[in-house]
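Trainee: need a 3D model of the sequence below.
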Amino acid sequence: MPVPTARVAARASSLNDTLSAASHARAATEGGRARHAEPATAPRRRLGRPLLAGALTVGLVGSGMAYANANHLIGADPAAFVVGAGVAAQTDELARASTVDVTYRAAASVSRNERRTAIAASGARDARELEAKQKVEAARKAKEAKAAAERAEREKARKAAIDNAKENPKAAARVLMVDQGWTSDAQYNCLVNLWTGESDWRWWAENPSSGAYGIPQSLPARKMAQMGADYRTNPITQMKWGLWYIKMSYGTPCNAWSFWQSKSPHWY
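Mentor: Below you'll find the predicted structure:
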């Protein structure tokens, strides 16, 4: 067990007393010897050993106190330690630096994730926009292809109808009416009735009394020459002139048909 401070001090004091007594006894002996001889010089007081004893005493006391204090600190409650302000400040600074570092790393990680998310979202948006554009372009091309196919079909039918105009002049007339802007069934039916009454759709028909000629019964026949020199043998040339005449004189086949019906004998 550690020696208490008081006990150490007592031992030091006893040792000091012993050393002092020994020193005085020796001094007395030397003094007696000196009385029998003439001193060469004045007596000199010796302080070395008392001073040494005092220093030793102080050192022992200090060591005891240090030992006692150290022993007291070793057994002390950890809560009794007081951390210096510098250490606490340094600890706080390290903690803040660590927090800032962790926060920065977390923010950097979030920022990288946000960039990745943004890049992915941008890529997905670009892909959707590209897909939408491709769909629009495909629809446009499909529409154009359909329109081209329809035009090709109409042209094929037109050519067939014109080539077969002598055998089926009504079909050829339906095709030619489109050139004048007449596409309804109503206008076509009026034209059929009108030219049925005039020539019964015969391209060689000629009125014996007036000289009117062809499917539209042009009077005189040479008027149809403006559409072609073959007006006497080509039903297409005759019908082109007849449709032009109806448009210039009456506007539509139905108007011409109404006028024809109002006349007796019929004419337009």
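Trainee: mind listing what Ala152 touches?
Mentor: By CB atoms under 8 Å, 6 or more residues apart in numbering, no residues touch Ala152. For every residue, glycine as well, the C-beta is placed using N, CA and C.
Trainee: and the next helix or strand past the helix or strand hosting it?
Mentor: Taking DSSP states H and E as the criterion, Ala152 maps to helix 85-163. Counting by DSSP H and E, the next helix or strand C-terminal to helix 85-163 is helix 169-179.
Trainee: could you export that next one as PDB, CA atoms only?
Mentor: Output in PDB follows, covering the C-alpha atoms of helix 169-179 (Å, rounded to 0.1, in the frame of the first residue of the first chain):
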ATOM      1  CA  PRO A 169     -69.100   6.200-122.600                       C
ATOM      2  CA  LYS A 170     -70.900   6.700-119.300                       C
ATOM      3  CA  ALA A 171     -67.900   5.300-117.300                       C
ATOM      4  CA  ALA A 172     -65.600   7.600-119.300                       C
ATOM      5  CA  ALA A 173     -67.900  10.600-118.600                       C
ATOM      6  CA  ARG A 174     -67.800   9.900-114.800                       C
ATOM      7  CA  VAL A 175     -64.000  10.100-115.000                       C
ATOM      8  CA  LEU A 176     -64.000  13.200-117.100                       C
ATOM      9  CA  MET A 177     -66.400  15.000-114.700                       C
ATOM     10  CA  VAL A 178     -63.800  15.000-112.000                       C
ATOM     11  CA  ASP A 179     -61.700  17.400-114.200                       C
END
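Trainee: returning to what we had before: what angle sits between the helix holding Ala152 and helix 169-179?
Mentor: 140 degrees (axes from the mean of the first three to the mean of the last three CA atoms, to 10 degrees).
Trainee: could you number the chain from 18 rather than 1 from now on?
Mentor: Sure, I'll start counting at 18 from here, so that last one is helix 102-180.
Trainee: pLDDT wise, what is the spatially closest residue to Asp247 that is not a sequence neighbour at?
Mentor: In space, and not counting its chain neighbours, Asp247 is closest to Thr254: 5.6 Å by CB to CB, 6 or more residues apart in numbering. Thr254 is assigned a pLDDT of 97 by the prediction.
Trainee: wait, what's in contact with Thr254?
Mentor: Counted by CB under 8 Å, 6+ apart, Thr254 has contacts Met241, Met244, Gly245, Asp247, Tyr248.
Trainee: specify the local secondary structure of the first one.
Mentor: To tie it back to what came earlier, the one meant is Met241. helix (DSSP: H, G, I helix; E, B strand; the rest coil).
Trainee: and the fourth one, by the same measure?
Mentor: Per three-state DSSP, the secondary structure class of Asp247 is coil.
Trainee: so what pLDDT did it get?
Mentor: 97.
Trainee: against Asp180, how distant is it?
Mentor: 15 Å (CB to CB, to the nearest Å).
Trainee: could you do the third one as well?
Mentor: Using CB to CB, one obtains 16 Å as the distance from Gly245 to Asp180.
Trainee: which one of these two has more residues nearby?
Mentor: Gly245 (15 against 11; other CB atoms under 10 Å).
Trainee: ok, that one touching Asn251?
Mentor: Yes: with contact defined as CB atoms under 8 Å, Gly245 counts as touching Asn251 (6.3 Å).
Trainee: looking at the protein, which helix or strand does the model trust least?
Mentor: helix 65-91 (a mean of 43; mean pLDDT, DSSP states H and E).
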